[in-house]
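Q: whatever this is, show me its structure:
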Amino acid sequence: MKAVRLMRRVLAGSFATLLTASVVFMTPHAAPGAATGKVQEESNTLTYQAILGEAAKYGVVAGTYNKKSHTETSFAAKVYIGNDNDDIDLATIKSSYIMIGEYGDYTDYDGKTGKSKLVLGKTTAGLEKVEVEAPKEVLDNIELHAPFINNGTKLVKVENSKEAVDSKIDSMLSSVKRTSSQLNSKSNDKDYKVDVDSVLKQKTLDLTDAEFKGKVVYVNVEDSSDLKNLVSSTGQLNIKKYSDTVVVMNYTTSKDVHIDKYSVTVVDEDNTPIITECDVQGNISERNKRVDAEICQKIIWNMPAATNVKLNISAGMFLAPAAENVSCEGQNQGWLVTGGNADIKSEWHYIYTKDDIIQGEKPTATPTATPTATPTATPTATPTATPTATPTATPTATPTATPTATPTATPTATPTATPTATPTATPTATPTATPTATPTATPTATPVPTGTATPSPTPVIDIVATPIPTATPSATPVPVLTGSLVISKTISGATLN
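A: Numbering: from 1, shown residues only. Presented below is the predicted three-dimensional model:
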């Protein structure tokens, strides 16, 4: 019997082992081409700030900015060509930046030539300033249209040499070029890039597999591929993805690249698709905000070796550091970085909808220094000198005389009423009035001119003021602040400043 039972156990174990092996064998494998097992980066590691750096402040960064149309963007260019107005009215920012190394000769569509000049027109309601950094000869030839003046936007002129301006632009171009090269390397690495055949379904690049959520997806756009043909055809390509997925569309070619109008379908957790196309409206709208948030900030068109690029009614982050010419034929939006010629034949839109440190908004620098210094000096000096003298005289006389008879009236009424009534002017009122009045008055009155002028070594010039020929970083703004308000108050014989 023991032998039989033993045999049954052995057979049962063998069957269980076989069953387990069968289950493992029958487990479905990941779909071909899926990124399972590959290196997957979190999408928050590849943001527009990380890619563009200082260049994020400008809609276009180029060797030459050949503006042949009305535009709505900030820009940085070694050479600026054009005389049509630039309206910075689609970005919800407080400060806008322009950098020009020199003006070039302008040629219109009729072949007539003339001198270029920067013309500033309509601005966003909340835009407080436009800062232009350039040589004196550029700053002296800036025209302000009525909408700019009527909006109350201030013009801040930063005088710098052409060499210095060119050096700053070269620095931005070099930084983006390094990043572009890194993106190209990963896009060609089998451990990073996605298998296009597994995600391209007819005209849709479907990246809604759960493994792509919150990740960076590297897609190689090969020469003569179906994907490349879709990208270059108007309205043919649709990219379907999660909102937190960042897509790198990488071109390895050194030839021509054509990127046309496409659409992005964003799928949320409820699998509800929101389709957004690349074109925008002529005002700050929810549609424009979606184009910025879902396309411009999260679809990266990387063309590290392309020599000629054509953009038509497209949107995204366009990196073409080596391109000789980028032809913008139709309204485009987002960021463009090229070391060559940006030929803006139609409007370029800078629709950035965030205000953060990349935009130079640093109001906390000065207010932090001022309120900390004042409240520390004042409340510490007053409560230490006065409360020590008063509570010593009162609690000794009153509690000693009636400690038992009026314990309620004295300990309760005196410590509560005395620090409130007697030291009303001293411990309670002074620390309350002083730190509240001083820090509020100081950071409001002082930081505005200081916070703007200090971080940037530039004179602030109101639109109706005469331009200052030379930039004196600390000499010009300081006299404006010499009339700072000093609040003096005498309390219990002590004078507080």
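Q: please count neighbours and contacts with C-alpha atoms only from this point.
A: Will do.
Q: low-scoring pLDDT stretches of the stretch 151-300 of the chain, where are they?
A: Regions of the stretch 151-300 of the chain meeting the criterion pLDDT under 70 cover residues 269-272, 282.
Q: ranges for the strands of it?
A: 154-159, 200-201, 204-206, 216-221, 238-242, 246-251, 256-259, 263-267, 273-277, 299-302 (DSSP state E, counting those that start in this stretch).
Q: nearest to Asp343, of these?
A: Within those, the stretch nearest Asp343 is strand 256-259; the backing value is 14.3 Å (Cα to Cα).
Q: contacts for that closest one, please.
A: Residues from elsewhere that reach strand 256-259, judged by Cα atoms under 8 Å, 6 or more residues apart in numbering: Val231, Ser232, Ser233, Met303, Ala306, Thr307, Asn308, Val309, Lys310, Leu311, Asn312, Ser314.
Q: so what's Asn184 closest to, chain neighbours aside?
A: Here the nearest residue to Asn184 in space, its sequence neighbours aside, is Asn250; by Cα to Cα, 6 or more residues apart in numbering that works out to 6.4 Å.
Q: dump the residue contacts of that neighbour.
A: Shown here is Asn250, whose contacts under the criterion Cα under 8 Å, 6+ apart are Leu183, Asn184, Ser187, Tyr218, Val219, Asn220, Val221, Trp301, Asn302, Met303.
Q: any idea how far it is from Gln333?
A: Distance of Asn250 to Gln333, computed by Cα to Cα, to the nearest Å: 19 Å.
Q: next one: Leu120
A: 19 Å.
Q: settle it for me: which of the two has more neighbours?
A: For Leu120 against Gln333, the residue with the higher neighbour count under other Cα atoms under 10 Å is Gln333, and the figures read 32 against 23.
Q: next up, identify which helix or strand the residue nearest to Lys162 when sequence neighbours are not counted is on.
A: Counting by Cα to Cα, 6+ apart, Lys162 lies nearest to Gly101, which is 4.7 Å off, once chain neighbours are set aside. Secondary-structure assignment from DSSP states H and E places Gly101 in strand 95-103.
Q: using CSV, list the CA coordinates for that strand.
A: C-alpha atoms of strand 95-103 as CSV (Å, rounded to 0.1, in the frame of the first residue of the first chain):
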residue,chain,number,x,y,z
SER,A,95,7.7,89.0,-20.5
SER,A,96,8.8,88.5,-24.0
TYR,A,97,12.3,88.5,-25.4
ILE,A,98,13.9,89.4,-28.7
MET,A,99,17.6,89.3,-29.6
ILE,A,100,19.1,90.8,-32.8
GLY,A,101,22.8,90.9,-33.8
GLU,A,102,22.3,93.2,-36.8
TYR,A,103,19.8,94.3,-39.4
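Q: partners of that strand, with directions?
A: Here the strand partners of strand 95-103, with direction, are listed using DSSP bridges: strand 75-81 (parallel), strand 129-134 (parallel).
Q: for the following helix or strand past that strand, name the packing helices and strands.
A: Under the assignment DSSP H and E, the closest C-terminal helix or strand after strand 95-103 is strand 105-107. Other helices and strands packing on strand 105-107, by 3 or more Cα pairs under 8 Å, 6 or more residues apart in numbering; DSSP states H and E, are strand 113-115.
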